[in-house]
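>>> got a structure for you, letters missing:
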């Protein structure tokens, strides 16, 4: 089996460093080569089987239904670090007795790599990265739902200048909000439409004030700034999903796979910046052909989907079908989505895996206004940032707030 440049250099001269930039300097190899090796995406990674780009899946029988920690222990038994992979899981009854424990889409964190792009504004923002947060002993996690900024869009609330001012004010208020808590971990849930794009099918079209490249640059910078603000207070998990405005498309026709999404591309770019600076940030994205993802936050499963997969008010019905189909959000206690630019809250039955009541939450928008929608429906929603907490008991309803400018 061939060895990559990092493996060869490390075998010849083992490094005592741990952070990627320091190891790269010590061994004289590129940081990207080290990242790919550690993620199991280079030529010297053993083939573990699977169906797509190193993905592995398992179905295991047991007398009792497995929980999340059982699946993590199994992943560890295969020689993989459960903290360095993403996976979906579910449990169904075995007619012969016992249970089928299904572990799907086990893959290195970060999914498929895109080409690295140098973005000046993103680099400039990364220079001010926050240090690793001080560990705390609490059991409270905070979810920040970043929804529909649609960078580059113009409307009655202004354009890019006004969007940046609004986001800056909201981030300052978020900073104060987080400082008042003893937080163990923060989940930044990006539910999509980070840019306006030029193929969204709006009427009128092309009312943007930024080019596509400028939209991506600004969105990446805004995303990093939200990650950076959260990182001051606790380690951060970032999850993102594909969406209609960030899709690779021709008009309203999507091209390629769900993972071929410009918003997810920018997540990859921001991830590189956080890794280069040694920030305590974990990243989750859906499988190549999936449009939703679920992540664990202190024992509470939080599912994400953009929302264009269902009609207004039909999020719970869509989620029910995902549950029966053992899809990504099947085991989630909370489902968050955007797309409809308004806050909504619905009870969605009970999770048989945890016994907790399920909640489906729609996030308000951060954008400059949907004037075409206002002309048709006579209303639109004030911009804001949805924030709530989870504890060892699950969703803390009393903590739910919307931060506005």
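Arrived safely. What you see is a predicted model, and the numbers here were worked out from it, not measured in a lab. Numbering: from 1, shown residues only.
>>> Give me the below-cutoff pLDDT ranges for the stretch 201-350 of the chain.
Low-confidence segments of the stretch 201-350 of the chain, defined by pLDDT under 70, span residues 201-206.
>>> One more pass at 50, please.
Residues of the stretch 201-350 of the chain meeting the criterion pLDDT under 50: 201.
>>> Show me where it has its helices.
Counting by DSSP state H, counting those that start in this stretch, one finds helices in the stretch 201-350 of the chain at the ranges 212-231, 262-276, 315-324.
>>> right, and these - which one's nearest residue 391?
Closest approach to residue 391 among the helices of the stretch 201-350 of the chain (CB to CB): helix 212-231, 18.0 Å. (Glycine included, C-beta is placed from N, CA and C.)
>>> what angle separates that closest one from helix 262-276?
When axes from the mean of the first three to the mean of the last three CA atoms, to 10 degrees is applied, the directions of helix 212-231 and helix 262-276 differ by 50 degrees.
>>> helices or strands next to helix 212-231 in the packing?
Applying 3 or more CB pairs under 8 Å, 6 or more residues apart in numbering; DSSP states H and E, one finds that helix 212-231 makes contact with helix 120-126, strand 141-146, helix 160-179, strand 185-190, strand 236-240, helix 262-276.
>>> List the beta-bridge partners for the most centrally placed residue in the chain.
For the chain, the residue lying nearest the average C-alpha position, counting by CA atoms, centre = their mean, turns out to be residue 239 (1.1 Å). According to DSSP bridges, the residues that bridge with residue 239 are residue 189, residue 284.
>>> on that earlier part again, take the helices and strands packed on helix 212-231 and write them to JSON lines, including distance to residue 306.
Below are these laid out as JSON lines (distance: least, CB to CB, whole Å):
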{"stretch": "helix 120-126", "distance to residue 306": "23"}
{"stretch": "strand 141-146", "distance to residue 306": "12"}
{"stretch": "helix 160-179", "distance to residue 306": "19"}
{"stretch": "strand 185-190", "distance to residue 306": "10"}
{"stretch": "strand 236-240", "distance to residue 306": "10"}
{"stretch": "helix 262-276", "distance to residue 306": "9"}
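>>> mind checking pLDDT for residue 20?
The predicted structure scores residue 20 at 74 on the pLDDT scale.
>>> ditto for residue 361
Looking at residue 361, its pLDDT is 97.
>>> cool, and residue 116?
Among the per-residue scores, residue 116 holds a pLDDT of 44.
>>> repeat for residue 158
Per-residue confidence (pLDDT) for residue 158: 89.
>>> my read: it touches residue 368, true?
Yes: between residue 158 and residue 368 a contact is recorded at 5.5 Å, counting by CB atoms under 8 Å.
>>> ok, the residue nearest to the centre of the chain - contacts?
Listed by CB atoms under 8 Å, 6 or more residues apart in numbering, the contact partners of residue 239 are 187-190, 283-285, 293, 295, 302, 304.
>>> For these, pick the one with the most neighbours.
Comparing the contacts of residue 239 on neighbour count, residue 304 comes out first with 31 neighbours (neighbours: other CB atoms under 10 Å).
>>> Find the nearest non-adjacent residue to residue 305, please.
In this structure, residue 305 finds its nearest non-sequential neighbour in residue 292, 4.0 Å apart by CB to CB, 6 or more residues apart in numbering.
>>> Also residue 359?
For residue 359, the closest residue by CB to CB, 6+ apart turns out to be residue 334, at 5.0 Å.
>>> Out of residue 158 and residue 368, name the residue with the larger neighbour count.
For residue 158 versus residue 368, the count of surrounding residues by other CB under 10 Å is larger for residue 368: 24 against 16.
>>> which stretches of the stretch 51-200 of the chain aren't confidently modelled?
Under the criterion pLDDT under 50, the flagged ranges of the stretch 51-200 of the chain are 51-53, 111-117.
>>> mind running it again at 80?
Judged by pLDDT under 80, the stretch 51-200 of the chain has its weakly predicted residues at 51-62, 74-81, 83-89, 94-97, 100-101, 104-129, 133-138, 199-200.
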